[in-house]
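Participant: structure here, sequence nowhere to be found:
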């Protein structure tokens, strides 16, 4: 006959239950205190009760009703997206650096992986600018002084991209790299001068001093 397992000591079992019950009571007491504090601060518009299981996320349950229950009329208005000329300047800068790097490896030939990857990277910079930063929707919401600059940047980007897509020699890469670098500097100056002109002399002077703009 197999030996029966030894039953646990009932006093120990009851002791464990009492300890657990005390911990639960303490936790519920803490919840009540927090709920009362929220009521005092005006952050809760419902009576303090024991939380029940819901389909809300933990984060939603912990936030006051004033932060989670916002009517559509009270939601902040969406920011109007405008053409990002500074972003375009950044893309031109990236393309110029990649093309300069491609020409630096001219001795490896136009079919080398380094040169081909740099050309592809420059095209990627221009594609991102045309399809994200200078879209027709963004251009329509751009101030007149900035839109003129943005539209010119878009036209130059398309011409440059077509040149890169049909590139055939290192001499062409040298020329397109130089042209991209020149236009990047021109675009950067145009935008800053336009911005300064529309800020007013005092703000323009303060920004100019802060970024160290210099005329060449």
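Facilitator: It's in. Note that the structure is a prediction, hence the values are computed from the model and not measured.
Participant: now do the helices in this structure.
Facilitator: All helices of the chain, identified by DSSP state H, fall at 10-41, 58-62, 65-68, 85-104, 113-128, 136-140, 144-165, 170-199, 201-211.
Participant: what ranges in the protein fall below the confidence cut-off?
Facilitator: By pLDDT under 70, the low-scoring segments of the chain are 1-83, 200-216.
Participant: rerun at 50
Facilitator: Across the chain, residues meeting the criterion (pLDDT under 50) sit at 13, 44-80, 214-216.
Participant: contact partners of stretch 122-131?
Facilitator: Residues outside stretch 122-131 that contact it (C-beta atoms under 8 Å, 6 or more residues apart in numbering) are 87-88, 91-92, 94-95, 98-99, 102, 153-154, 157-158, 160-161, 164-165, 180. Where you see a C-beta, it was placed from the backbone N, CA and C, and this is true even at glycine.
Participant: again, but for stretch 167-174
Facilitator: Here stretch 167-174 makes contact (C-beta under 8 Å, 6+ apart) with 99, 102, 103, 106, 109, 110, 115, 119, 163, 176.
Participant: go again using 10 Å as the cut-off
Facilitator: Residues from elsewhere that reach stretch 167-174 (C-beta atoms under 10 Å, 6 or more residues apart in numbering): 99-100, 102-103, 105-110, 115-116, 118-119, 122-123, 163-164, 166, 175-176.
Participant: can I get the buried part of those as one ChimeraX selection?
Facilitator: For the buried members of the contacts of stretch 167-174, the matching ChimeraX selection, counting by 16 or more other C-beta atoms under 10 Å, is:
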select :99,100,102,103,105,110,115,118,119,122,123,164,176
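Participant: re the thing from before, just the buried residues of the contacts of stretch 122-131.
Facilitator: Looking at the contacts of stretch 122-131 with 16+ other C-beta under 10 Å, the buried ones turn out to be 88, 91-92, 94-95, 98-99, 102, 153-154, 157, 160-161, 164, 180.
Participant: residue 194: which of those is nearest?
Facilitator: residue 153 (12.1 Å; C-beta to C-beta).
Participant: next up, the contacts around that closest one.
Facilitator: Shown in contact with residue 153 (C-beta under 10 Å, 6+ apart): 83, 85, 88-89, 91-92, 129-130, 133-134, 183-184, 186-187, 190-191.
Participant: tell me the spacing between residue 189 and residue 109.
Facilitator: To residue 109, residue 189 is 35 Å away according to C-beta to C-beta, to the nearest Å.
Participant: buried ones in stretch 166-183?
Facilitator: Within stretch 166-183, the residues that count as buried by 16+ other C-beta under 10 Å are 167, 170, 173, 176, 177, 179, 180, 181, 183.
Participant: could those residues be laid out in JSON lines, adding distance to residue 196?
Facilitator: Shown next, in JSON lines, are the buried residues of stretch 166-183 (distance: C-beta to C-beta, whole Å):
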{"residue": "167", "distance to residue 196": "37"}
{"residue": "170", "distance to residue 196": "39"}
{"residue": "173", "distance to residue 196": "35"}
{"residue": "176", "distance to residue 196": "30"}
{"residue": "177", "distance to residue 196": "29"}
{"residue": "179", "distance to residue 196": "26"}
{"residue": "180", "distance to residue 196": "25"}
{"residue": "181", "distance to residue 196": "23"}
{"residue": "183", "distance to residue 196": "20"}
